[in-house]
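> Give me the fold of what follows.
(chains A, B and C)
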Amino acid sequence: MIGPRSAIVIATVSTAFSLVVAAAAGAQSVSAEAPSTLPRSADGKPDLSGIWQALSGPEFDIEAHGPRPDAPPGLGIVEGGSIPYTPAGLAQKQKNYAARAAADPRNKCFTLGVLRGTYSGEPFQIFQRPRDLTLLYQFGHPVRTIHTNGTRHPDGHIDFWLGDSRATWEGDTLVVDVNDFNGETWLDRAGNHHSDALHVVERWRLIDANTLEYRATLDDATVYTRPWSLSVLLHRRREPGAQILENYCYTLGYDQYYPLPPASTSRTGPPASKTPASRAAQRSR
Amino acid sequence: MSTPIIQGCLRAVRIASMVTVALTPALIAAQGSAQFRERRNVITPAGPWTGARLPDGQPDVQGFWSNTIGNHNNVTNPQGRSAADDGPPREGPPRPARANAAPAERAPSRVSDPADGQFPFQPWARAKAEEFAAHLNDPTRPEYVEPFARCAPGGPTKSFMWHGYEIRQFPGYVVFLFDSGNRVIHLDGKPAPPAAISQWNGESRGRWDGNTLVVTVTNHNAKARFGRSGEFVSAAATVEERYVFDPAGGRFTYHGTYTDPSVLTRPFTITIPNKRITADTPVDDWNNQTFHANLVTPRPAGEPPLLEAYERICVEGNEGHGNPASATQP
Amino acid sequence: MTRRQFRFIASVAAGIFGAVVCLAPHLDAHHAFAAEFDANKPVTLVGTLTKVAWVNPHGWIYVDVAGKDGKVVNWSVEFGSPNALLRRGLRKSDFPPGTKVTVKGYLAKSGKPVANASTVVLPDGRSLFAGSSTTPGGQP
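A predicted model of the protein is given here:
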């Protein structure tokens, strides 16, 4: 039985230790597990393959914010707290924010882009092989390739929705250089944005077998006064049978007309007894 | 074509690019299409796989591929005339009118079974397909717009009747990347989703059998149809596919068998032959849409270039339906 | 319903459908040419590039064109595939605002200043179409 004085000492030491651990955890990166516990590919690199999903907070607003009619409160994922916009960049952000219900490019199912696609709250799947990583995003189902085969960006600037990604491994961290952006994507639903001058350096790091830390540094002299970074944790989808489903959301405005239009609007159609086709068409909406 | 000088210091660059652009498209396109296209189906027989394998044991069939016959203008006469030839001008300089060559000089119907090469439609379905085809150039109703024109995915079979595409393989997966849409073939036997999930490219579960990838497609919404000639099946159709790869590495044949008693009088099979795109295949902006990657460290002369494709994102009239959530739903 | 009544209703529906999809410039366009553009209304536009939307499979250029009344109207013009231009070493920066262009194409059915281009040519002979004239298999 521990006496009261010993108990106080133990409690004090335990508390101090907890505080030290908590301080370490609250620092920029979460402390990682031992390298030997991480899943690895045949080439020895950490294997990032799997289905990953962020919790939904950053999608609403990557900066700290209180509750809104269209968003829960969030601590934000911007290191340092706020995005260092130029005056013009901030004015555009405010314009986007005011118009967000209608102006969010997500409404048209436009590709969310490299940043927002990572933390949008819908899952994406990473398929990894030695020469590249293939990222398939559920929202809109676009595919991004991160090349790890000793290749460089194409010459000149190209307007891509998902940029051009060339990466190398620094130890167990995948460091990705991304440029060739168009200016069309937003960083969240709050209208945070960038121009086609955006350049991003990402760091992907498994901190344990089921948690992937994503850190991105953005620079864009058209819109930001200096580079800034965001960081978010991605969680592996582990339930049995977990998989990406189709979400070709841009087809939702017209898919009711295929393969056959709804029976009431069709000039001709299957005989009355042949219901599976029309029933199936309606079920597919 | 003589040109006024715009800026002296840019003149040389512009003339060079003018000459390049003027010469290159005609040379590239004519050579490429003539060399890659074939007028008959070269069918790869099923059998053992004797080629390279991936670490997980799969036959290695990764790379860039394209079908050797053509597009989806006319599924039963893929190199013949179609309603699309009578349509208004679409883009680019006008094309020469295409005559309907004799059967021996063009590829057969993509329908390999039944033997007559026709879709075994019930009469009402045949009438419906003909209605769609008749209105291809006059789409006065939404259902007359061929869905590929709207960036919709091509569906399990029609996806192979369009531009060149890419195959990537991973443990447990074969992934097809098309211009519009992609297909993930799950090899690990995970169950298909519930029937309430109904998708443009369906859900694919497959296994390797020698040189053949055998795939069952479920959860298929049938919305992509089969081509500009209007053919379709319903979402009740069952779909079985075989991808038969030549171990020599240059060809494979796709077979897709559809069974649908609500639309058809008997099942049918569509057969689509494909060839591999290599660094020697001329770039024709159709079968071969690759470019040569820049290298960090230049390789010795004689090493083949690495092929890449540009981002495959189709933007064509995205409407207001990105399923944004209401209020606080993620 | 008689065939005549049905045809009338169908043509009204077509007009409404056409108007709905043509209401706004390119973001509502889809590439069913005949639903959007009129093959019987060819147009030639000579003007100055103000913007290029570098999207596939059909990019858009925006062109300031002076009308006969001297008023400048900004036209939206659909052209070919930017990826094809990329493969030929061209970049968006090769078509900067201020570049003069000559467009031959077809008017939008909506009557708005929107056109689908058959050719877009720059004064030095460069074209915004690359290779699509001999696209195999007919239409791309």
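> Could you give the number of residues near the closest residue to chain B within the stretch 51-200 of chain A?
Of all residues in the stretch 51-200 of chain A, A:S56 sits closest to chain B, at 3.0 Å by Cβ to the nearest Cβ. Placement of C-beta: from N, CA and C, glycine included. Look at A:S56: counted by other Cβ atoms under 10 Å in any protein chain shown, it has 18 neighbours.
> and if you look at A:L245?
Counted with other Cβ under 10 Å, A:L245 comes out at 13.
> do the one 4 residues further on as well
Applying other Cβ under 10 Å, we find 22 residues neighbouring A:C249.
> likewise B:R40?
Neighbour count for B:R40, taken as other Cβ under 10 Å: 13.
> thinking again about what came up before, these two touch, right, the residue of the stretch 51-200 of chain A closest to chain B and A:P123?
No. Using Cβ atoms under 8 Å, A:S56 and A:P123 do not qualify as a contacting pair, with a distance of 11.4 Å.
> Up against chain A, what does chain C have?
Taking Cβ under 8 Å from any Cβ of the partner chain as the criterion, the neighbours of chain A within chain C are C:F6, C:L27, C:W54, C:V55, C:P82, C:L86, C:G89, C:R91, C:K92, C:S93.
> what's near enough to touch the fifth one?
Contacts of C:P82 were listed using Cβ atoms under 8 Å, 6 or more residues apart in numbering or on different chains, and they are A:D159, C:W54, C:V55, C:N56, C:G59, C:K92.
> A:E79 is in contact with A:L218, isn't it?
No. Assessed by Cβ under 8 Å, A:E79 is found out of contact with A:L218, at 10.8 Å.
> out of the two, which sits in the busier spot?
A:L218 (23 against 12).
> and that one, that one's in a helix?
No. Per DSSP: H, G, I helix; E, B strand; the rest coil, A:L218 lies outside any helix segment and is strand.
> in the stretch 101-250 of chain A, which spans are strands?
Secondary structure of the stretch 101-250 of chain A (DSSP state E, counting those that start in this stretch): strands at A:124-129, A:132-137, A:143-147, A:151-152, A:164-170, A:173-179, A:199-208, A:211-219, A:228-236.
> Identify whichever of those lies nearest to chain C.
Nearest of the strands of the stretch 101-250 of chain A to chain C, taken as Cβ to the nearest Cβ: strand A:164-170 at 11.2 Å.
> which residue ranges form the helices in chain B?
B:8-36, B:123-134, B:155-158 (DSSP state H).
> Are the second one and chain C in contact anywhere?
Just to be clear, that refers to helix B:123-134. No. Using Cβ under 8 Å from any Cβ, helix B:123-134 stays clear of chain C, with a minimum separation of 12.3 Å.
> Nearest residue to the middle of chain A?
Closest to where the C-alpha atoms of chain A average out (Cα atoms, centre = their mean) is A:T118, at 1.1 Å.
> which strand is the longest one in chain C?
What stands out as the longest strand in chain C, according to DSSP state E, is strand C:37-53.
> Just list what that one packs against, helices and strands only.
Packed against strand C:37-53 by the contact rule (3 or more Cβ pairs under 8 Å, 6 or more residues apart in numbering or on different chains; DSSP states H and E) you find strand C:60-66, strand C:72-78, strand C:100-108, strand C:114-121.
> Contacts for that strand next, please.
Applying Cβ under 8 Å, 6+ apart, the contact partners of strand C:37-53 are B:88-89, C:26, C:33, C:59-66, C:74-75, C:77, C:92, C:95-109, C:115-116.
> ok, of those residues, which come out buried?
B:89, C:26, C:33, C:59-65, C:75, C:77, C:92, C:95, C:99, C:101, C:103, C:105-109, C:115-116 (16 or more other Cβ atoms under 10 Å in any protein chain shown).
> ok so, going back, quick check: of the residues of chain C next to chain A, which has the highest neighbour count?
Result: C:P82 is most packed of these (other Cβ under 10 Å), 26 neighbours.
> What does the pLDDT read for that one?
C:P82 is assigned a pLDDT of 94 by the prediction.
> What distance do you get for it to B:F226?
Using Cβ to Cβ, to the nearest Å, C:P82 is found at 29 Å from B:F226.
> now do A:A242
Per Cβ to Cβ, A:A242 is found 32 Å from B:F226.
> and if you look at B:G172?
Distance from B:G172 to B:F226, by Cβ to Cβ: 30 Å.
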